[in-house]
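**Q** coords please:
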Amino acid sequence: MLVIHDPAHFPYLGNAVVTSGTFDGVHVGHQQILRRLREVARHSGGPSVVITYWPHPRLVLAPPLSHPEPRDLYLLNTLEERTEKLREAGVDHLLIVPFTREFASWTSEEYIQHILLRTVGTAKLVIGYDHRFGRNREGGFDYLSQHAGRYGMSVEEIPREDVDAVGVSSTRIRRALEAGDVLTAGRYLGYAYPLTGTVVKGQQLGRTIGWPTANIQCPEPLKLVPARGVYAVRARTAAGTRHPAMLNIGVRPTVGGNLAQTVEAHLLDFEGDLYDQPLTVEFVALLRDEQKFNGLDELKAQLARDAEAARQCLLNTA
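**A** Below is the predicted model:
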């Protein structure tokens with residue numbers, strides 16, 4: 001897949017089959033559109049193109065940081081994760097358009113002329129039934145259909161019943177993760193929800209009680225971290241090895257508590273140094289909520305039960 005981060009550098013294609021959207025999560029609804037995109041491209045003989053935007057439009061159009069309303073949007077994918085999922089979907093070209101306030105002010109006609117026609121060379125556009133574009137979301141399927149002849153491209157809309165049948169949206173996935181329901185999130189995504197970060201040194205308290213953990217620091221502050229609790233996860237190291245693991249998200253109330261939330265994974269059956277290396281965890285199931293225990297002995301006993309529960313859970317979902 002050819003990835004272009006600037007429309008000015010995109011190679012004009014002339015016969016492209018295109019879809020566009022934010023694709024946060026690249027969930028099963030998005031995957032349905034991507035399957036149709038590939039199918040149409042295969043039949044037409046043209047390359048498939050996905051146009052997406054970064055940062056997320058809602059982040060750019062949100063009130064300024066000084067505004068009293070808090071920002072409530074967290075992302076299911078980093079840009080790297082989104083790119084990799086689109087690559088896995090078999091897309092030929094990915095155009096990542098920098099989303100700015102100036103770009104948001106473009107009319108639908110400007111978007112069609114500048115991006116779809118002159119930059120990409122769109123022959124056919126495949127869109128979801130509710131897809132909107134241009135200033136104030138003024139453009140849509142009706143507008144495109146009315147002017148298709150003038151543009152020299154055809155437009156296909158994924159039927160509403162096909163999209164609604166999937167019953168999924170990025171918002172629903174975010175809500176599931178915020179509730180710790182990683183099973184539902186994974187079902188909507190079509191894959192286990194991932195979180196990648198660098199392993200950094202913490203207080204190393206886990207090592208002193210026989211349960212060393214990898215303290216994961218995510219570089220993307222807007223990446224959604226699931227609800228506090230203990231999870232069964234699969235961990236993937238920088239070397240590509242995969243390990244069953246249990247992971248805690250929280251403030252460690254039993255050992256004095258933290259002001260800041262931490263994300264700490266204990267890799268089962270693993271020995272080695274992970275400091276300063278990237279580590280990816282994939283959430284499989286919530287084992288329990290965060291708890292405060294009456295001392296370290298009670299905590300250690302619970303950790304042993306958590307490890308066994310994680311191991312069994314991961315064996316049953318292999």
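
**Q** and residue 274, helix, strand or coil?
**A** Assigned by DSSP: H, G, I helix; E, B strand; the rest coil, the conformation of residue 274 is coil.

**Q** Tell me the secondary structure at the closest residue to it other than its chain neighbours.
**A** Nearest non-adjacent residue to residue 274, counting by CB to CB, 6 or more residues apart in numbering: residue 199, 4.3 Å away. C-betas here are computed from N, CA, C, even on glycine. Counting by three-state DSSP, the backbone at residue 199 sits in strand.

**Q** and what of the one 3 residues further on?
**A** Here residue 202 takes the coil state, with states given by three-state DSSP.

**Q** residues touching the nearest residue to it once chain neighbours are set aside, list them.
**A** Distances taken as CB to CB, 6+ apart put residue 215 closest to residue 202, at 3.9 Å, once the chain neighbours are dropped. Residue 215 makes contact with 199-202, 262-264, according to CB atoms under 8 Å, 6 or more residues apart in numbering.

**Q** So among the residues you listed, which ones count as buried?
**A** Among the contacts of residue 215, those classed as buried by 16 or more other CB atoms under 10 Å are 199, 202, 262-264.

**Q** Check these and tell me the two furthest apart.
**A** 199 and 262 (12.0 Å; CB to CB).

**Q** just to revisit the earlier point, and the least confident of the contacts of residue 215?
**A** In terms of pLDDT, the weakest of these is residue 202, which scores 74.

**Q** I figured that one was touching residue 264, is that so?
**A** Yes. Between residue 202 and residue 264 there is a contact at 7.2 Å, judged by CB atoms under 8 Å.

**Q** Overlap in contacts, these two.
**A** With CB under 8 Å, 6+ apart as the test, residue 202 and residue 264 both reach 213, 215.

**Q** mind showing which ranges of the stretch 101-250 of the chain have poor pLDDT?
**A** For the stretch 101-250 of the chain, the stretches flagged by pLDDT under 70 are 160-166, 203-208.

**Q** can you give me the helices for it?
**A** Assignment of helices within the stretch 101-250 of the chain using DSSP state H, counting those that start in this stretch yields the ranges 101-104, 108-111, 141-146, 148-151, 160-166, 170-178, 182-189, 205-208.

**Q** Could you say which of those helices is packed most deeply?
**A** helix 182-189 (a mean of 21; mean count of other CB atoms under 10 Å).

**Q** Centre of the chain to it, how far?
**A** Mean-position distance between helix 182-189 and its chain equals 12 Å (CA atoms, centre = their mean, to the nearest Å).

**Q** Likewise for stretch 199-218?
**A** With CA atoms, centre = their mean as the basis, stretch 199-218 stands 26 Å off its chain's centre.

**Q** what about the closest residue to residue 235 other than its chain neighbours, distance to residue 169?
**A** Spatial nearest neighbour of residue 235, chain neighbours left out: residue 245 (4.2 Å); criterion: CB to CB, 6+ apart. Distance, residue 245 to residue 169, using CB to CB, to the nearest Å: 29 Å.

**Q** out of those two, which sits in the more crowded spot?
**A** residue 245 (27 against 15; other CB atoms under 10 Å).

**Q** Correct me if wrong: that one contacts residue 237.
**A** No. Judged on CB under 8 Å, residue 245 makes no contact with residue 237 at a distance of 10.6 Å.

**Q** out of all of them, which helix in this protein is the longest?
**A** As assigned by DSSP state H, the longest helix anywhere in the chain is helix 296-316.

**Q** what residues are up against residue 180?
**A** Neighbour list for residue 180: 226-229, 231, 286, 289 [criterion: CB under 8 Å, 6+ apart].

**Q** could you redo the last one with a cut-off of 6 Å?
**A** Listed by CB atoms under 6 Å, 6 or more residues apart in numbering, the contact set of residue 180 reads 226-227, 229, 286.

**Q** swap in residue 53?
**A** Contacts of residue 53 (CB under 6 Å, 6+ apart): 22, 97, 99.

**Q** Save those residues as JSON lines, and put in neighbour count too.
**A** As requested, those are exported to JSON lines (neighbours: other CB atoms under 10 Å):
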{"residue": "22", "neighbour count": "18"}
{"residue": "97", "neighbour count": "19"}
{"residue": "99", "neighbour count": "19"}
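
**Q** Nearest to residue 151 among these?
**A** Among the contacts of residue 53, and counting by CB to CB, the member closest to residue 151 is residue 97, at 18.7 Å.

**Q** So which bits of the helix or strand hosting the closest one are buried?
**A** Secondary structure from DSSP states H and E places residue 97 in strand 93-98. Neighbour-count burial for strand 93-98, with 16+ other CB under 10 Å as criterion, is recorded at 93-97.

**Q** what's the closest of those to residue 80?
**A** Closest to residue 80 out of these is residue 96 (11.1 Å), distances taken as CB to CB.
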